[in-house]
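*Asks:* fold the following, please.
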Amino acid sequence: MGAETTFRAIVIDKTTDADGHDTQGAALRVVDDTFLMPGDVTIAVEYSSLNFKDGMAVSGKPGVARVWPLIAGIDLAGVVESSADSRWTPGDEVILNGSGIGENHHGGFAERARVSGAALVRRPTGISAAQSAAIGTAGFTAMLAMLALERGGVTPGSGDVLVTGAAGGLGSVAIAVLSAHGYRVVASTGRVDELGDYLRELGAADVIERDTFGEPGKPLQSQRWAGAIDSVGSVTLANVLAQTQYGGVVASCGLAQGADLPTTVVPFILRAVSLIGINSVEAPLSLREEAWRRLATDLDLGLLDGMTTMIPLEGVLAAAGDILDGKLHGRTVVDVRA
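*Replies:* As a prediction, the model looks like this:
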């Protein structure tokens with residue numbers, strides 16, 4: 001296709017008023033290939049997905065978009081159209097999660113993308129393009145967290161594993177893959193009555209109220225968790241650490257409640273608890289490929305399909321606020337062609 005090929009995209013831009021105050025806003029625009037940033041692989045995008053970070057960026061919250069104008073979307077799944085990277089040829093079916101897209105490089109909320117071939121992963125056999133988008137950064141991060149628990153020695157026989165923010169995309173996939181491996185999973189959510197059955201269908205053995213962790217507590221509490229996957233942060237994470245048993249591992253994946261961590265070194269010293277940070281954006285290619293191999297074999301695609309909602313590209317603008325308000329659950333896939 002020529003340089004003047006036009007396509008639709010959700011574009012974030014920043015304006016500055018006379019008083020120097022910055023405001024971010026997003027809109028559905030028609031742009032052309034000259035709008036794209038440098039890269040050695042051009043992709044016909046088929047699907048993306050809506051993550052919490054995307055909700056923040058599209059809703060105008062600071063901290064995600066770092067350049068403007070910027071096509072939003074930290075995930076994409078599509079087909080290679082052209083490539084100057086010898087690893088990729090036209091027709092290859094590829095996935096890209098993070099690696100700066102939707103933050104400092106144009107992302108997946110568009111019908112076309114031009115990116116670095118070094119970060120692409122070949123879509124595993126047996127997973128459709130829509131399913132790979134449904135997994136997306138949330139599911140990819142959930143698998144990175146489970147791998148961290150495994151490396152830390154947490155086994156199904158070690159005891160209960162807690163998943164906070166359980167009804168979100170990351171939490172939903174984490175429950176599904178952990179339970180498939182025989183872990184007894186306890187899910188924490190603020191919508192027990194509404195979503196308890198949903199979480200149990202994913203494999204949660206028990207569902208508890210997030211308020212259990214909502215108030216500051218002692219640095220050491222009764223030992224309950226062999227491991228945990230936390231996407232909430234702040235006071236919740238501090239309480240989870242205080243309740244983790246000797247030698248347990250907590251994987252920290254998000255900060256929905258806050259970026260602060262009001263705790264002490266006591267759980268780490270007296271109980272040898274390990275706190276492992278999960279960075280899906282900068283994960284090296286070898287780890288990306290390992291995570292996707294495991295997702296292809298460990299994730300029940302029927303459960304994935306059951307937790308997935310499909311929206312058109314223009315639907316991102318409304319759904320962004322919904323994900324920030326906690327109104328969505330599971331995974332939201334964006335059909336960028338619709």
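*Asks:* mind listing what's buried in the helix or strand where E150 lies?
*Replies:* Here E150 sits within helix 129-151, counting by DSSP states H and E. By neighbour count with 16 or more other CB atoms under 10 Å, helix 129-151 contains the buried residues 129-149. Yep, even glycine has a C-beta here, placed from its N, CA and C like the rest.
*Asks:* quick check: mean pLDDT of it?
*Replies:* For helix 129-151, mean pLDDT is 97.
*Asks:* again with stretch 58-77
*Replies:* Average pLDDT, stretch 58-77: 96.
*Asks:* end-to-end on it?
*Replies:* 20 Å (CA to CA, to the nearest Å).
*Asks:* now the helix holding E150 - C-alpha only, PDB.
*Replies:* Taking Å, rounded to 0.1, in the frame of the first residue of the first chain, the C-alpha atoms of helix 129-151 are listed here in PDB:
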ATOM      1  CA  ALA A 129      -6.300 -13.200  16.500                       C
ATOM      2  CA  ALA A 130      -9.300 -12.200  18.600                       C
ATOM      3  CA  GLN A 131      -8.300 -14.600  21.400                       C
ATOM      4  CA  SER A 132      -4.700 -13.300  21.400                       C
ATOM      5  CA  ALA A 133      -6.100  -9.800  21.900                       C
ATOM      6  CA  ALA A 134      -8.400 -11.000  24.600                       C
ATOM      7  CA  ILE A 135      -5.300 -12.300  26.400                       C
ATOM      8  CA  GLY A 136      -3.500  -9.100  25.700                       C
ATOM      9  CA  THR A 137      -1.300  -7.300  28.200                       C
ATOM     10  CA  ALA A 138      -3.600  -8.300  31.000                       C
ATOM     11  CA  GLY A 139      -3.300 -12.000  30.400                       C
ATOM     12  CA  PHE A 140       0.300 -11.700  29.400                       C
ATOM     13  CA  THR A 141       1.100 -10.000  32.700                       C
ATOM     14  CA  ALA A 142      -0.900 -12.600  34.600                       C
ATOM     15  CA  MET A 143       1.200 -15.400  33.100                       C
ATOM     16  CA  LEU A 144       4.400 -13.400  33.900                       C
ATOM     17  CA  ALA A 145       3.200 -13.300  37.500                       C
ATOM     18  CA  MET A 146       2.500 -17.000  37.600                       C
ATOM     19  CA  LEU A 147       5.900 -17.700  36.300                       C
ATOM     20  CA  ALA A 148       7.300 -15.500  39.000                       C
ATOM     21  CA  LEU A 149       5.500 -17.500  41.700                       C
ATOM     22  CA  GLU A 150       6.800 -20.800  40.200                       C
ATOM     23  CA  ARG A 151      10.300 -19.500  40.100                       C
END
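*Asks:* how about residues contacting the helix or strand just after that helix?
*Replies:* Proceeding N to C from helix 129-151, the next assigned helix or strand is strand 161-163, under DSSP H and E. Strand 161-163 has contacts (CB atoms under 8 Å, 6 or more residues apart in numbering) with 149, 154, 171, 174-175, 178, 183-188, 204, 224-230, 240.
*Asks:* just checking, which of those belong to helices?
*Replies:* L149, G171, A174, I175, L178, V240 (DSSP state H).
*Asks:* who wins for most neighbours among the residues you listed?
*Replies:* A174 (35 neighbours; other CB atoms under 10 Å).
*Asks:* nearest spatial neighbour of that residue, skipping sequence neighbours?
*Replies:* Sequence neighbours aside, A142 is the residue nearest to A174 in space, at 4.0 Å (criterion: CB to CB, 6 or more residues apart in numbering).
*Asks:* kindly report the same for V67.
*Replies:* Per CB to CB, 6+ apart, closest to V67 is N104, 5.3 Å.
*Asks:* now do I135
*Replies:* L295 (5.8 Å).
*Asks:* settle this for me: that neighbour is touching G136, isn't it.
*Replies:* No. Taking CB atoms under 8 Å as the definition, L295 is not a contact partner of G136, at 10.6 Å.
*Asks:* what strand or helix carries the closest residue to A113 other than its chain neighbours?
*Replies:* Distance criterion CB to CB, 6+ apart; nearest residue to A113, sequence neighbours excluded, is I43 at 4.7 Å. Using DSSP H and E, I43 sits within strand 41-50.
*Asks:* quick revisit: can you get me a residue count around the residue nearest to A113?
*Replies:* Neighbours of I43 using other CB under 10 Å come to 28.
*Asks:* okay, and the beta partners of it?
*Replies:* V80, A113 (DSSP bridges).
*Asks:* against G107, how distant is it?
*Replies:* 11 Å (CB to CB, to the nearest Å).
*Asks:* tell me, what's touching these two both at once?
*Replies:* L76, A113.
*Asks:* A296: which element?
*Replies:* helix 285-298.
*Asks:* ah, wrong one, I meant D197
*Replies:* Per DSSP H and E: helix 192-202 holds D197.
*Asks:* what separation do you get for the residue sitting nearest the centre point of the chain and S172?
*Replies:* The chain has A138 as the residue nearest its centroid, 2.3 Å off, counting by CA atoms, centre = their mean. Distance check for A138 against S172: by CB to CB, it reads 8 Å.
*Asks:* touching both of the two, which residues are there?
*Replies:* R331.
*Asks:* quick one: which of the ones in helices among the contacts of strand 161-163 is nearest D300?
*Replies:* Nearest to D300 among the ones in helices among the contacts of strand 161-163 is I175, at 10.9 Å by CB to CB.
*Asks:* thanks again, I'm all set now.
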